[in-house]
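[1] Please find the sequence and the predicted model below.
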Amino acid sequence: MTDTTSAPSLYKKKEGTLTADPSASLLTWTPNTAGPAPLTIPISCISNLQATPPTSAKVMIKVFALPPDAPPEAQPETHVFNFTVANARALADAVKDTLTTAIQTVKAASIAAALPAPTPELTPAAATALLSRPEHLDLSEKTLLSSFNLHTELLQSSPQLNRLFTTLVISGPLTPPQFWSTRLPLLRAFAIDRAQRKGPYNVLAAIKPKTVDNVIKMSLSREQIREIFEQHPVVRRAYDETVPGKLSEDGFWKRFFGSGLFRQLRGETARREDDVLDRFMDLPFESNELHPPTLPIPTTLSLSANAQNTSFTGNRPDLTMRPTSLPIQRTLNSLSIKLLDSVTPADALSSHPEEPQRLADLEPPPPEDSVRLHVQRLESVAAVDGEKRKEKPARPLYKALLSLSGPGSIDLAASAHPTSPSSFSTATNQITNLLNAQASSHKQSLKSLEIGEVPEVVTLCHGANMEFLRHFYNAFLSGDSKRMSEAGKIIGSVERGLERSKAVKEQLLKEAEASQSGTDIKAVKAREREVRRAEEVGGMLRGGEECLERAVGWWGSVNA
């Protein structure tokens, strides 16, 4: 905590001592004489703090105090402290810095107390069980605005948004709900992205063991081992019966990936190659007990009940109909059922089960839905234009051709069908040169319109101004009289944003002049003209100071 800072000052033309005590969260003014009463202001009640600029002859600090439980239409009380001693500027700056740090600390503590506490960390087993169940993602406005963990993760993922949050909320007048209320789409998109989880997959199909010098090498994690045991209980049984009695853990996995049991579980043709592990291939098929009972299948969709699904060539042509392929099919079907059971269903069962059973080709054709057109006879129109219709269409064209064939006309018949190869080459070169010249000039014009890298101070100033304007117009154009007081509070930030924009502009111009050493100022101004021309060509609207001045002017006209 910052140390206590004291300085002699005048309050209502009375001499006294102004003390900022962050440890007690109090700002006190004690008179030097017994006449006036002392003044005590809790730091949590200070809504704003202003000081005279360094160029001013007078050194004053203006404190705006407003209780936290005050109604929205209440106006803050102002207290002005004047410093008249020799080192008044240094003392005033010290008091102001102490108050600013204390205000930010109190505001940060109140924000942390208002938001819900972060949820405790889960153990790995609890987290795994929680992620394995389908979760309902609540994307309502209330949940998004009150999720402290979501806000923290989003600020950590975006440094630019974190700087803007620090400027507007920690050091500015906005509250966290106001800041996040204009970023609900961003919060919703981030919450959806954060809730994405990796779906189930066939672990054995993803593992690719390598054989180097007749030695099987592979990389296997504990998570993959757990998923193998869950998807294939026979592997768990083989592991429990052979480790550590017959095989070590490393030896078990090396022999497993080279055994026929591994190939059978992957859905491949298996041969017995390991005497210890391949004996588990003869175990009876283990059904999935977690799968719900099978629903009744309509006869029209059941292949086993369809008498026409009979092969007259035997089971030999179809691999899936051979008895030796049944273990592979049962293994793959069981694995597919387990993977589907762990996924949240995208849609419910259809309320009309007869729809997929309907035979569309046996339905009667639908009635024709046509529009009858009533065309009136146009004999009267044909009689009026009868003479014109009798005239042949080629006659006007022939007359025009005769008029163009008079003296002084140009005969284009010779150039319409050139036969010389040199004429084709000349025309091609001319067109190519014209296209290259046009492309190079276009690239130069685009290069002249490119805007260099924008300084960070400009981006931060622009983001703060846009945020204040957004909140101001939301309150000003809401039509609610209760929110007009909120607009009145924000308009002060808009005015300060206008001053900040002008200061940033002057600072950048000075830096540009200093970097050019006074020899290339014309180039800087030409660059400014190019940027304006780029805005006009690109159809962009001019913003910045004009938008801020327009908002201040509208507010002044309403309160005039």
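    Structure received.

[2] Run a quick neighbour tally on the nearest residue to H232 once chain neighbours are set aside.
    The shortest distance from H232 to any non-neighbouring residue, by C-beta to C-beta, 6 or more residues apart in numbering, is to L265 (5.5 Å). For glycine as for every other residue, the C-beta is placed from the backbone atoms N, C-alpha and C. By the measure other C-beta atoms under 10 Å, the count of residues near L265 is 26.

[3] Over to L154?
    L154: 21 neighbours (other C-beta under 10 Å).

[4] Kindly report the same for I207.
    Around I207 there are 15 residues (other C-beta under 10 Å).

[5] who's in contact with it?
    M218, L220, Q224, F257 (C-beta atoms under 8 Å, 6 or more residues apart in numbering).

[6] go again using 7 Å as the cut-off
    When contacts are counted by C-beta atoms under 7 Å, 6 or more residues apart in numbering, I207 touches M218.

[7] For it, grab phi and psi.
    Per-residue torsions, I207: phi -80, psi 130 (degrees, to the nearest 10).

[8] quick one: least confident helix or strand in the chain?
    Ranked by mean pLDDT, DSSP states H and E, the weakest helix or strand in the chain is helix 124-132, scoring a mean of 36.

[9] Can you name the element that comes right after it?
    Following helix 124-132 in sequence order, the next helix or strand is helix 141-146 (DSSP states H and E).

[10] What residues sit buried inside stretch 266-284?
    If you call a residue buried by 16 or more other C-beta atoms under 10 Å, then stretch 266-284 has these buried ones: R266, G267, A270, D274, V276, L277, D278, F280, M281.

[11] mind checking pLDDT for V454?
    We have a pLDDT of 60 for V454.

[12] next one: the one 4 residues further on
    Per-residue pLDDT puts V458 at 76.

[13] Correct me if wrong: it contacts V504.
    Yes. Counting by C-beta atoms under 7 Å, V458 touches V504, with 6.3 Å between them.

[14] Enumerate every residue touching the residue nearest to H232.
    Taking C-beta under 7 Å, 6+ apart as the test, what L265 contacts is L204, H232, T331.

[15] Likewise for L460?
    Counted by C-beta under 7 Å, 6+ apart, L460 has contacts R163, L164, T167.

[16] Which of these sits closest to E499?
    T167 (15.1 Å; C-beta to C-beta).

[17] In space, what's closest to the closest one - neighbours in sequence excluded?
    Spatially, and ignoring its direct neighbours in sequence, T167 is nearest to A464 (5.5 Å; C-beta to C-beta, 6+ apart).

[18] Near the one you found, how many other residues are there?
    21.

[19] Report pLDDT for it.
    81.

[20] what about it, helix or strand, and which?
    helix 456-476.

[21] for that helix, which positions count as buried?
    460-465, 467-469, 471-472, 474-476.

[22] repeat for stretch 70-88
    Those would be P76, H79, F81, N82, F83, A88, for stretch 70-88 by 16+ other C-beta under 10 Å.

[23] And for stretch 240-258?
    Result for stretch 240-258 [16+ other C-beta under 10 Å]: buried residues T242, L247, F252, W253, K254, R255, F256, F257, G258.

[24] What score does the fifth one have for pLDDT?
    Translated: K254. 80.

[25] between the buried residues of stretch 70-88, which is nearest K107?
    Closest approach to K107 among these (C-beta to C-beta): P76, at 15.4 Å.

[26] And that closest one, how far from I46?
    To I46, P76 is 9 Å away according to C-beta to C-beta, to the nearest Å.

[27] do R163 as well
    Separation of R163 from I46 (C-beta to C-beta) stands at 24 Å.

[28] what about those two, which has more around it?
    Neighbour totals were compared for R163 and I46, and I46 leads with 22 against 16 (other C-beta under 10 Å).

[29] Show me what that one is bridged to.
    A65 (DSSP bridges).

[30] surely it meets I103?
    Yes. In terms of C-beta under 7 Å, I46 counts as a neighbour of I103; the distance is 5.8 Å.

[31] And for the spatially closest residue to T4 that is not a sequence neighbour, the neighbour number?
    Nearest non-adjacent residue to T4, counting by C-beta to C-beta, 6+ apart: D21, 4.7 Å away. D21 sits with 18 neighbouring residues when counted by other C-beta under 10 Å.

[32] Bridge partners for D21, pull those for me.
    Applying DSSP bridges, one finds that D21 bridges with L26.

[33] what's the spacing between it and E511?
    40 Å.

[34] cool, and G497?
    Counting by C-beta to C-beta, the gap from G497 to E511 is 21 Å.

[35] So for these two, which residue has more residues nearby?
    G497 (23 against 11).

[36] The more buried one touches E549, doesn't it?
    No. Using C-beta under 7 Å, G497 is not in contact with E549; the gap is 10.8 Å.

[37] What segments of the stretch 451-560 of the chain are strands?
    In chain order, the stretch 451-560 of the chain shows no strands, with DSSP state E, counting those that start in this stretch as the criterion.

[38] What segments of it are helices?
    For the stretch 451-560 of the chain, the helices defined by DSSP state H, counting those that start in this stretch occupy 456-476, 484-516, 521-538, 545-558.

[39] These: lowest mean pLDDT?
    When the helices of the stretch 451-560 of the chain are ranked by mean pLDDT, helix 521-538 comes last with a mean of 57.

[40] Might you report the residue contacts of S6?
    For S6, the contact set (C-beta under 7 Å, 6+ apart) comprises T17, L18, T19.
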